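Colleague: structure, please.
(3 chains)
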Amino acid sequence: MRRREALGRIGRAALAAGVLGVVPARGHARPDVCDALGAAPIRWLVGWSPGGGYDTYSRLLEPVLERELEREVVVENAPGAAGLIAARRISGARPDGHTLGILNGTGLLITPLSNPSFSFDIASDFTILARIARQDQVLFLGRGTGIATIEELVERTRGGQLVLGGTGFGTVNLLLAATLEDLFGMRVEQVLGFAGSSEVIHAVRQGWVDGGVISEEGIFRDATVVPLLRFSPQAAGDSELSAIPRLEGSAGLIATRPELFVDPRRARVDAEALASVTSVGRLLAGPPGLPSDLEACLIGAVARVLGDPGFVTAAGRLGRGLQPTSPEAVARDLASAIAARPRFEAAIRRALTRQRG
Amino acid sequence: MSVGRGTGFTLALLAVGVVFLAQTIGLSPTGRRVALPAVALVTLLLLVQLIRDARAPVAEGGETPGGGAAPTGPDDDARSRSPWRSLAWVLAVPAMIAIAGLCEGVGLHAFAFLRVRGKEPLPVAALGGLGVAALVWWIVGTLLGAELPGGLILATIAGG
Amino acid sequence: MPGLDPGSVVSAALDGLALVLAWPNILYPIAGTLLAMCVAVLPGISGATLMAIVIPLTFHWDTLQILLLFGALVGGATFMGSTTAILFNIPGTGPNAATLLDGYPMARQGRARTALACSALSSALGSTVGVFLLILLIPAVVVLGPRMGPPEYLMLSLWGLVCIVTVIRASVVKGLVMAGFGLLISLVGLDPMTAETRYTLGTIYLQDGVGLIPVFVGVFAIAEIIDLLATGRRTVSGETDVAALGGTTAEGVRAVFRHFGVFLRSSLIGTGIGVVPGVGGTVAGFVAYGEAARVAGKDGRFGEGDIRGVIAPEAANDAKDGGSLLPALAFGVPASAGTALLLVALQIHGVTPGGDLMTNDLDLVFVLIWSLFISNWLSSLLGLSLVGPLARLSVVRVSRLVPPILALSVIGAFAYRGRVTDVWLAFGFGAAGYAARRYGWPRIPFIIAIVLGPLFEVNLGLSLRLHELGRIDLWTRPSILLVGVLIALSVAVPRLPRRRGERS
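Modeller: Numbering: from 1, shown residues only, chains lettered A, B, ... in the order given. Below is the predicted model of the structure:
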């Protein structure tokens, strides 16, 4: 593959240089586009550093949202405390539609279990505009373990131990790993502190840990790891994942292979609760108290952006799944997730006690 | 530059060390694995230093970033300025930011500094203040696209 | 990962070089370098920020163009970041921080030209060593690199921490106290292993830890401004006329060759740290600095304008750059935000890091490495030509210099995470840093401990846990023994009689 025909594109480097200049001001918005929204730019907050999933979604959204709202959209990375810093800024912003952003809904829901100082009431602390994607949570093992299916895993580790790597507490994968113990009767030892999911996968390849639970779909194109089980109720639009068994649902593992579980009846409830918590997913939101006309206009604009063919294609090329969901549906999911959350308090407490020594 | 023993600073460090120690005790065994030896060593050595300070004569000479003696420039201003006044000038920056906002606070401070401390003519000081404020606005507001924090004044106006 | 034979590596390296040098491809590294140099001189805007801005513009580019541009964006930023470190004690980014420890004292002594020239040449030569070692060692690195894990990181951080002891000159007690405080401050925040909040004083702000850049800016730049004002010094260099400045570009260039041992050792350290997945440039700079100070022993004036303190971090930083691309591309483990963004840019084009890239498209990997290499040289050569004008800043009146330096400090602290609280923190550390300086509490052990503390603690935890679970055996890993011997030597060698040579 030779790619020498570069000259035609060199002008884009000059364009990049142009970024250093002042961003040209835009004209006033057309009166029929979101009347209630002022002409000022919209600040789009991302609670993570450039390069991650949330940042990528945001940077893909930016140009389409700009076109849709006829306002400049400025993506601002405000990393820290697993997205909580940016979440606070969104929640505390003036309800004028000029501060919006992306949230890890599932994370906001789970973090208080291990860290009570982070507590949001997602339903009342934000105005949810849409869900952009659910995070498919998948248990995976290294190919070196010689285990290729969930059945084999249960057979070989029941009464024994499974070593899973993870990035740290406050993350959803901790909850899922802790719950595996109750579901399958195996002892799950967690090795926490890896810098990121790529470090966990690296440790799996090296055989330092058996596997992990992660949400990034792209990794399953990697032949060195084997995905075994999905916790989320539906795949993230990635056909590669659809062959992997799910935990709950009519075709789920509990329905089809109840004998794998220590207590199938309890497992069913646990699995539903897990699916409900993990399905909250990645949310697009603004501060609470947006005027109703502005809220309606923003929800409409965001919905059009999420359906835009150019946006959908770009997200697909990056392996970023999309499950656009209306705010009403998200509200229903949130209600059931909040009701399900207390079920995991004991598992989290047990894992914390073990980890703290 | 003649300096004192800095016993006050050693005591301040000891106070910080004690705060760390008090918070370390409440941590789990895993959480304090590195912290406890570190804080214990720090506190112990600070006590040793205090004893040394009490016994040793007052030290002379400034320090380099590395802790050794700093070479003194041949044309250093003979009038040694008060460290407190210098500290006040520098700490006025966050104070101005808190009052007037990031961009405005830095600009106002630059203006005041150039005019009062630098004894620059009014137009030069004004231009300097504007230039510095523009630099902050350009880098933070334009290049990074970050929201420029407003100060108390703005908050009061917006709130009222 | 399948093995690579040295012949195919050399051939891929030559193919890659031909691609980079082909017209008009060469324009990309040049444009990227100029862009990165313009931006790197501004505090708070790192190469990563620039990449995040550029990525959306590259959606329609092809892979080759991305590699050509991004290699240059990684490489062009390093030298210019060192200029603010040397001239004003402001580290543009973390990896430049170690350079200020001796670079700025040199500027204060009127030797800014020497320091700047030395920094430029050390960077360029360091990157050369890094790239050529990489070509020679890729077959071995591809096999051995990924086996480096938490125990090796632990030993690496331990090595750096041990070197602190040798950096301390004034008072061992004070030095150890400052290192201890550095370690404690590095632990502030949410413990990733236990979810405990440590030393956060009940605030949400501190749960995310104390930011490195605000601390650097405070302890060095702001503390220095207070000192400049308090001592009534007229200019940074103490001179008011450029003609009176000591030090020349030629002296800086010669210094690199006079201390070639320091240069080579630091480049090797940089390359070595680079190929270990997941360790950033800041660590490389500080470990090389510590090692140079250790070897110099009593001969060194580290922290007081020892030119070896400029050579070591600059050579290590740039030698590391080439090496660090390898783990990112071969194993998908980025060492910095910059390489993480590079992976994003490549994935947009369907290029997935891993074995296929290393075996089938090794020439593309080399396109990136060569682009970075060219950019390192280009920025250094341009930097050398700028030494004169830049050094003039050290004769500008302090009363005129203070407002822009304070503004750059505020920007650097704020831009780090976009939080005004980081600005308060920087000024708090500035006041403390000034007091530390005034009363002879060394700041270098403090800073090294802050940088290495998290690497040490997390990898101690991971290593012990993996050992306890029987997943690794700490006592039989050759790399542990090797670094263990290095640490033992670090402690023992300064006590042995030294042969003559390498004096600053």
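
Colleague: C-alpha from now on. contacts and neighbour counts both.
Modeller: Fine.

Colleague: what's the first-to-last distance across stretch A:191-205?
Modeller: 15 Å (Cα to Cα, to the nearest Å).

Colleague: stretch A:128-145 now?
Modeller: Per Cα to Cα, the first residue of stretch A:128-145 is 42 Å away from its last.

Colleague: and that stretch, does that touch chain C?
Modeller: No - no part of stretch A:128-145 sits close enough to chain C to count as contact by Cα under 8 Å from any Cα of the partner chain; the gap is at least 12.5 Å.

Colleague: tell me where the stretch 51-200 of chain C has strands.
Modeller: Ranges of strands in the stretch 51-200 of chain C, per DSSP state E, counting those that start in this stretch, are C:189-190, C:197-198.

Colleague: would you turn these into JSON lines with mean neighbour count and mean pLDDT?
Modeller: Listed next are those as JSON lines, based on neighbours: other Cα atoms under 10 Å in any protein chain shown; pLDDT from 0 to 100:
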{"stretch": "strand C:189-190", "mean neighbour count": "24", "mean pLDDT": "85"}
{"stretch": "strand C:197-198", "mean neighbour count": "24", "mean pLDDT": "88"}
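
Colleague: which single residue in chain A comes nearest to chain B?
Modeller: residue A:356 (5.1 Å; Cα to the nearest Cα).

Colleague: columns distance to chain B on top of the strands of the stretch 51-200 of chain C, output as a markdown table?
Modeller: Formatted as a markdown table, those follow (distance: least, Cα to the nearest Cα, whole Å):
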| stretch | distance to chain B |
| --- | --- |
| strand C:189-190 | 10 |
| strand C:197-198 | 7 |
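
Colleague: make JSON lines out of those strands and add distance to residue B:87.
Modeller: Shown next, in JSON lines, are these (distance: least, Cα to Cα, whole Å):
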{"stretch": "strand C:189-190", "distance to residue B:87": "29"}
{"stretch": "strand C:197-198", "distance to residue B:87": "30"}
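
Colleague: quick one, which of these gets closest to residue C:471.
Modeller: strand C:189-190 (26.1 Å; Cα to Cα).

Colleague: describe which strands the closest one pairs with in its sheet and in which direction.
Modeller: Counting by DSSP bridges, the strands paired with strand C:189-190 are strand C:197-198 (antiparallel).

Colleague: quick one: neighbours of residue C:346, just the number.
Modeller: 23 (other Cα atoms under 10 Å in any protein chain shown).

Colleague: and whatever residue of the stretch 1-150 of chain C ends up closest to chain A, backbone torsions?
Modeller: Using Cα to the nearest Cα, the closest approach of the stretch 1-150 of chain C to chain A is made by residue C:24 at 5.5 Å. Residue C:24 adopts backbone torsions of phi -100, psi 10, taken as degrees, to the nearest 10.

Colleague: for stretch C:101-114, the averaged confidence score.
Modeller: Averaging pLDDT along stretch C:101-114 gives 89.

Colleague: quick one: end-to-end length of it, please.
Modeller: 15 Å.

Colleague: ok, now which ones touch the residue of chain A closest to chain B?
Modeller: B:28, B:29, B:30, B:31, C:193, C:194 (Cα atoms under 8 Å, 6 or more residues apart in numbering or on different chains).

Colleague: next one: residue C:239
Modeller: B:75, C:110, C:245, C:394, C:395.

Colleague: okay if I get the residues you listed as TSV plus distance to chain A?
Modeller: Formatted as TSV, the contacts of residue C:239 follow (distance: Cα to the nearest Cα, whole Å):
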residue	distance to chain A
B:75	40
C:110	33
C:245	34
C:394	27
C:395	29
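
Colleague: generate a ChimeraX selection restricted to the buried entries among those.
Modeller: Entered in ChimeraX, the line below selects the buried ones among those, by 16 or more other Cα atoms under 10 Å in any protein chain shown:
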select /C:110,245,394,395
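
Colleague: and the furthest pair within the contacts of residue C:239?
Modeller: Counting by Cα to Cα, the most remote pair of the contacts of residue C:239 is B:75 and C:394, 13.9 Å apart.

Colleague: which element is the closest residue to residue A:34 other than its chain neighbours on?
Modeller: Once flanking residues are discounted, residue A:34 sits nearest to residue A:297: 5.7 Å by Cα to Cα, 6 or more residues apart in numbering or on different chains. Per DSSP states H and E, residue A:297 falls inside helix A:292-307.

Colleague: please work out the average pLDDT along that helix.
Modeller: Looking at helix A:292-307 alone, the average pLDDT works out to 91.

Colleague: please compute how far the following helix or strand past it lies from its chain's middle.
Modeller: From helix A:292-307 onward toward the C-terminus, using DSSP H and E, the following helix or strand is helix A:309-317. Remark: helix A:309-317 is offset 18 Å from the chain centroid, using Cα atoms, centre = their mean, to the nearest Å.

Colleague: swap in stretch C:388-402?
Modeller: 25 Å.

Colleague: where does chain A have low pLDDT?
Modeller: Applying pLDDT under 70 to chain A picks out residues A:1-33, A:50-52, A:80-81, A:117-118, A:168-171, A:216-222, A:233-241.

Colleague: residue closest to the middle of it?
Modeller: residue A:135 (4.2 Å; Cα atoms, centre = their mean).

Colleague: spell out the secondary structure type for that residue.
Modeller: coil (DSSP: H, G, I helix; E, B strand; the rest coil).

Colleague: got a list of what the residue nearest the centre of chain B touches?
Modeller: Among the residues of chain B, the one closest to the centroid is residue B:91, at 6.5 Å (Cα atoms, centre = their mean). By Cα under 8 Å, 6+ apart, the contact set of residue B:91 is residue C:427.

Colleague: name the residue most distant from the centre of chain B?
Modeller: Outermost in chain B, Cα atoms, centre = their mean: residue B:29 at 34.4 Å.

Colleague: could you measure that one against residue A:355, distance?
Modeller: 10 Å.
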